[in-house]
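J.: just need the structure, nothing else, for what follows:
(chains A and B)
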Number of protein chains: 2
Amino acid sequence: MIGRVVVYGGRGALGSAVVTKFKESGWWVANVDKKTSELADENILVEGDTWVLQEEHVVNSVGAVLGGEKLDAVVCMAGGWAGGSPASKDFVKNSDLMWRASVWPASISASLAARHLKEGGMVVLPGAAPAVGGTPGMAGYGMAKAAVHQLTQSLACKGSGLPDNCLAAAILPITLDTPMNRKWMAKADQTTWTPLEFVCSLLLKWAVGEDRPQSGSLVKLVTEGGDTSLVCM
Amino acid sequence: MIGRVVVYGGRGALGSAVVTKFKESGWWVANVDKKTSELADENILVEGDTWVLQEEHVVNSVGAVLGGEKLDAVVCMAGGWAGGSPASKDFVKNSDLMWRASVWPASISASLAARHLKEGGMVVLPGAAPAVGGTPGMAGYGMAKAAVHQLTQSLACKGSGLPDNCLAAAILPITLDTPMNRKWMAKADQTTWTPLEFVCSLLLKWAVGEDRPQSGSLVKLVTEGGDTSLVCM
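T.: Residues are numbered from 1 along each chain as shown, chains lettered A, B, ... in the order given. Okay, here's the model as predicted:
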């Protein structure tokens, strides 16, 4: 076994690719999701109607499957998307959805990282490039992602509770090349979409300590003509 | 009557000072809070256990007291403070509290602004200077304020639903000179604390169209030796 990773959202499009990649590379993988991953070594199903109850359940369950061992990495890829400007009748409803879909998993992942990461470990959260500025047509989504970005910066500071020499980073895709995006944005320029394999390889590299960005980085993934480069923000 | 303003959080330390200032200057003032303001022309008491229910209640109630009139300004001064790093047992509990205390009022204020502001009006939200970077010892507070900052930027963009030529801004105090802060931080250097009167005068000036910053600005309030200057971020 190379190392131990928790993948939060390991049944999503990106998350399941991450689970596969780490398993193929010889890692022990625990999936935290509403659904079971057949590939993962352990599955923790998210339970609880409130943020506090979900966190208690996930943190305790991960502690139980670890049985005193430490984690090398916590990778949160849980999220979602919903639109709506502040003028939309769905603005608050969708802001609430986005908060639950993005900020609850990211903050519970931060709790897991603070409790279970080993020295030199890594925690990666799911940001979004557009939310570095205003996102008038998806205002709730932007607020949730901005919170995830700021949490990443908090995790990188002294006093966050992470062990020494850990990496805290967020990846900020513009558009990921997922089946859902191919379905809903079939006419878009897909040469600017970032392949899931690129993200998986990047995470694996960072997990083993290679080419890590500075902790606290918001790492934008810019894909042009099929090539992806990293821009630290 | 000079103009119409909704003050969200008009019974807080800063909010009640804002209500007083606008009333003294001849404005019609509606207070949105859990408690009634004796000074305000109208009071809308916040009701509802969920974000969606609170928004429906407040938006409908403000619409009713306006009776077809438009607002010149929406000023949200509602907030709160709770600490806790990601390693703290209170991290998620306090993050939830901060979300409800800061992001619910700010987003409902954004809804009010999109529905009821007149052309050239203004909406001001309550940010926090530390949340521009990481806030490891108050991680939930930082996430909530980062979301408010990003919402401010969304409101300033075309497509947010605000009428033309509106100002959307956030004020980012470092520490405000409030009775609570004097009580809890009695030994701190209070010459760097920003007087409430400064904030009230600033808001009134912007409300009548004087010296407005660029829309979308996060305006840091830097007080030194009793003098406060503005730094747009």
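
J.: do a quick rundown of the helices in chain A.
T.: A:13-24, A:51-66, A:91-98, A:104-116, A:139-156, A:179-184, A:196-207 (DSSP state H).

J.: let's see the pLDDT reported for A:G226.
T.: Per-residue confidence (pLDDT) for A:G226: 84.

J.: number of residues surrounding it?
T.: Neighbour count of A:G226, defined by other CB atoms under 10 Å in any protein chain shown: 13. (Each C-beta comes from the backbone N, C-alpha and C, glycine too.)

J.: now it, nearest residue through space, not along the chain?
T.: Leaving aside its sequence neighbours, A:G226 sits nearest to A:T191 (CB to CB, 6 or more residues apart in numbering or on different chains; 5.7 Å).

J.: how near is the closest residue to A:Y8 other than its chain neighbours to A:W99?
T.: Residue nearest to A:Y8 in three dimensions, not counting chain neighbours: A:C76, with 4.1 Å by CB to CB, 6+ apart. Separation of A:C76 from A:W99 (CB to CB, to the nearest Å): 15 Å.

J.: more neighbours, the two?
T.: Using other CB under 10 Å as the criterion, A:C76 and A:W99 rank with A:C76 on top: 28 against 22.

J.: contacts only, for that one.
T.: A:V7, A:Y8, A:G9, A:P105, A:A106, A:S109, A:V123, A:V124, A:L125, A:P126 (CB atoms under 8 Å, 6 or more residues apart in numbering or on different chains).

J.: please repeat the previous calculation with a cut-off of 7 Å.
T.: Contacts for A:C76 (CB atoms under 7 Å, 6 or more residues apart in numbering or on different chains) come out as A:Y8, A:G9, A:P105, A:A106, A:S109, A:V124, A:L125, A:P126.

J.: residues in contact with the nearest residue to the second one once chain neighbours are set aside?
T.: What sits nearest to A:G9 in space, not counting adjacent residues and going by CB to CB, 6+ apart, is A:A78, at 3.0 Å. The contact partners of A:A78, by CB under 7 Å, 6+ apart, come to A:Y8, A:G9, A:G12, A:G15, A:A101, A:P105, A:P126.

J.: pick the one among those residues closest to B:W28.
T.: Nearest to B:W28 among the contacts of A:A78, counting by CB to CB, is A:A101 at 39.8 Å.

J.: still on that earlier bit, how much space between the residue nearest to A:Y8 and chain B?
T.: A:C76 is 12 Å from chain B, where distance means CB to the nearest CB, to the nearest Å.

J.: could you do A:V58 as well?
T.: From A:V58 over to chain B (counting by CB to the nearest CB), the distance is 10 Å.

J.: got a list of what that residue touches?
T.: Listed by CB under 7 Å, 6+ apart, the contact partners of A:V58 are A:V32, A:I44, A:V46, A:I108.

J.: just to revisit the earlier point, want to throw the helices of chain A into TSV with distance to B:V65 and mean pLDDT?
T.: Below are these laid out as TSV (distance: least, CB to CB, whole Å; pLDDT from 0 to 100):
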stretch	distance to B:V65	mean pLDDT
helix A:13-24	47	97
helix A:51-66	34	98
helix A:91-98	20	98
helix A:104-116	35	98
helix A:139-156	25	98
helix A:179-184	41	91
helix A:196-207	50	98
